[in-house]
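Trainee: Sequence and predicted structure are below.
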Amino acid sequence: MKTVSDEVEQEVSTGSLPAWDRVEELARSAHARFRHDDEGAVATYIPVLAEVDPALFGVCVAEVSGAVHEVGETSYEFSVQSISKAFVYALVCEEHGHEVVRERVGVDNTGLAFNSVIAVELNDGHPMNPMVNAGALATTALMPGASFAEQWENVRTGLSRFAGRQLELDGEVYRSESATNARNKAIARLLQSYGRIDLDPLEVVDVYTRQCALRVDARDLAVMGATLADGGVNPVTGERVVSAQVCRDTLAVLASTGMYERSGEWLFEIGLPAKSGVTGGIVAIAPGKGAIGTFSPRLDPAGNSVRGRHATAYLSRALGLNIFASAAQAAATGVPDGVEHSA
Ligand code: GLU
């Protein structure tokens with residue numbers, strides 16, 4: 001099918017962040033406002049996660065200029081978990097292209113929990129989107145590599161290029177999750193039965209479990225997000241990681257499915273494509289401007305970090321990041337003389 005993208009050059013709308021001092025001031029203010037918010041509870045679904053200090057809170061804004069603003073515990077490392085799905089998806093899109101991945105994985109919301117088996121059954125064995133576990137497993141299975149070890153190495157180096165530094169596996173989280181991820185194994189086998197995974201499903205789960213156990217900090221999340229905001233070039237290292245087209249595809253998927261079953265509400269309140277994970281990280285991306293990385297382990301019932309959500313909402317408003325917000329041109333500049341508005 002011929003689409004408009006075959007015929008029309010992609011132009012981008014522009015806009016920029018406020019001056020460095022103002023971004024710095026607002027990042028500090030976002031941290032100060034919400035650091036005493038004790039709502040929510042830390043994840044306990046794998047035993048080792050329950051040991052984290054719930055008071056930890058880091059806020060980081062990375063600009064597409066390469067400037068990075070850090071407040072609080074921005075270098076505390078935690079396992080990336082579901083946030084890895086966004087970046088592995090980008091790497092797989094870079095490898096296979098828009099159409100192949102859309103067909104194999106899908107882009108639509110399931111309306112069901114991220115680890116739902118029913119969602120696969122309800123959709124004729126189709127995983128639906130790459131931010132739920134079924135779609136994420138199908139996506140990881142598409143990573144390039146002649147062996148599972150090579151696929152895993154490509155995941156690790158790919159995510160490291162987004163972060164601009166070498167990311168390491170958290171062995172304890174990996175082992176703990178490997179011992180308790182029966183449901184993910186079931187989902188992978190189900191996808192195999194529908195012909196959606198061609199490789200050994202348990203090996204795919206193993207690569208996926210490793211990808212979730214990569215250690216990142218809030219600064220990494222901001223820089224990884226800023227790479228998606230910067231047309232695929234890491235603004236800190238200057239390295240191109242993926243194409244601008246892949247960034248667009250990835251952000252569209254995040255907007256509709258990045259924040260578990262609260263993706264619609266998140267978009268309504270905050271207006272930014274974002275992804276969160278059960279360890280308390282959130283990355284929110286403002287295309288062409290930068291990204292916000294937050295970390296705080298207390299989660300709301302949907303699985304999103306409470307302080308991270310508040311801090312991102314605050315920064316989205318104060319920095320003018322909401323992609324749906326506009327002001328009337330006439331109100332800002334005055335309607336020029338002689339211009340007639342038709343009704
Ligand atoms: N590794 C987790 C799982 O597959 C990801 C959880 C999450 O961050 O949503 O269950």
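Mentor: Here it is on my side, so go on.
Trainee: can we go C-alpha only for contacts and neighbour counts from here?
Mentor: OK.
Trainee: do stretch 28-47 and the ligand meet at all?
Mentor: No. Contact of stretch 28-47 with the ligand (CA under 6 Å from any ligand atom) is absent, the minimum separation being 8.4 Å.
Trainee: try stretch 66-86
Mentor: Yes. Using CA under 6 Å from any ligand atom, stretch 66-86 reaches the ligand at 81-82.
Trainee: Return the alpha-carbon coordinates of that stretch using CSV.
Mentor: In CSV, the C-alpha atoms belonging to stretch 66-86 read as follows (Å, rounded to 0.1, in the frame of the first residue of the first chain):
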residue,chain,number,x,y,z
GLY,A,66,23.4,18.2,25.3
ALA,A,67,22.8,20.2,28.5
VAL,A,68,21.9,18.0,31.4
HIS,A,69,20.2,19.2,34.6
GLU,A,70,20.3,16.8,37.6
VAL,A,71,18.6,17.1,41.0
GLY,A,72,18.6,14.5,43.8
GLU,A,73,19.6,10.9,43.4
THR,A,74,20.1,10.9,39.6
SER,A,75,23.0,8.5,39.7
TYR,A,76,21.4,5.8,41.9
GLU,A,77,21.2,2.7,39.7
PHE,A,78,18.1,0.5,39.3
SER,A,79,17.0,-2.2,36.8
VAL,A,80,15.4,-0.6,33.8
GLN,A,81,12.6,-3.1,33.5
SER,A,82,9.7,-2.2,31.2
ILE,A,83,11.4,1.0,30.0
SER,A,84,13.8,-1.2,28.0
LYS,A,85,10.8,-2.1,25.8
ALA,A,86,10.8,1.4,24.3
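Trainee: Could you tell me which residues of this protein lie near the ligand?
Mentor: 81-82, 133, 209, 212, 277-278.
Trainee: run the last query once more with 8 Å
Mentor: 80-83, 114-115, 132-133, 177, 181, 184, 208-209, 212-213, 260, 276-279, 303 (CA under 8 Å from any ligand atom).
Trainee: Drop anything exposed from these.
Mentor: With neighbours counted by 16 or more other CA atoms under 10 Å, these contain buried members at 80-83, 114-115, 132-133, 177, 184, 208-209, 212-213, 260, 276-279, 303.
Trainee: Which ones among the residues you listed lie within helices?
Mentor: Judged by DSSP state H, the subset of these located in helices is 83, 133, 177, 184, 208-209, 212.
Trainee: Tabulate the residues you listed (JSON lines), appending distance to Val12.
Mentor: Shown next, in JSON lines, are those (distance: CA to CA, whole Å):
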{"residue": "Ile83", "distance to Val12": "26"}
{"residue": "Asn133", "distance to Val12": "32"}
{"residue": "Glu177", "distance to Val12": "41"}
{"residue": "Asn184", "distance to Val12": "39"}
{"residue": "Tyr208", "distance to Val12": "34"}
{"residue": "Thr209", "distance to Val12": "36"}
{"residue": "Cys212", "distance to Val12": "32"}
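Trainee: worst-scoring helix or strand of this protein, pLDDT-wise?
Mentor: helix 329-333 (a mean of 69; mean pLDDT, DSSP states H and E).
Trainee: Good, we can wrap up now.
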